[in-house]
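*Asks:* one predicted model, sequence on top.
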Amino acid sequence: MNKLFVTSAAVVALFSTPALALDVENKDGKDYSIYIGTSGGIDTVNIAAGKTQKGMCGVICTVSIEGDSREFAVYAGDKAVIKDGKLEIMKK
């Protein structure tokens, strides 16, 4: 009986954990390159005008876009929005 309880608790914990990722929404009318910095280096991802790119990084990373010299540290559950050529971070 004890094994069943432990297994059930593990399954509940697994499926109730929120996604560890950053979503980036592009509200502008032009495409952008997004720079995602992690311990493994910097990745460049393109995001089309009016689109949202999901699952950009894990627990913590840095994010910036072309044309905006600012760089932000973001955490799991945060959301980034590109608007008027600027990157805005919505904290969870």
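*Replies:* Here it is on my side, so go on.
*Asks:* buried stuff in the host helix or strand of Ile36?
*Replies:* Assigned by DSSP states H and E, Ile36 belongs to strand 32-38. Neighbour-count burial for strand 32-38, counted by 16 or more other Cβ atoms under 10 Å, picks out 32, 34-37. No exception for glycine: its C-beta is placed from N, CA and C like everyone else's.
*Asks:* average pLDDT for stretch 32-46?
*Replies:* Averaged over stretch 32-46, pLDDT sits at 93.
*Asks:* name the helices or strands packed onto the strand holding Ile36?
*Replies:* strand 41-47, strand 60-65 (3 or more Cβ pairs under 8 Å, 6 or more residues apart in numbering; DSSP states H and E).
*Asks:* just send the buried residues of strand 32-38 back as CSV, with distance to Ser69 too.
*Replies:* Converted to CSV, these look like this (distance: Cβ to Cβ, whole Å):
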residue, distance to Ser69
Tyr32, 14
Ile34, 14
Tyr35, 11
Ile36, 16
Gly37, 14
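*Asks:* tell me the one of the residues you listed nearest Asp68?
*Replies:* Of all the buried residues of strand 32-38, Asp68 sits closest to Tyr32, with 9.0 Å by Cβ to Cβ.
*Asks:* hang on, isn't that closest one packed against Ile65?
*Replies:* Yes: counting by Cβ atoms under 8 Å, Ile65 is a contact partner of Tyr32 at 4.9 Å.
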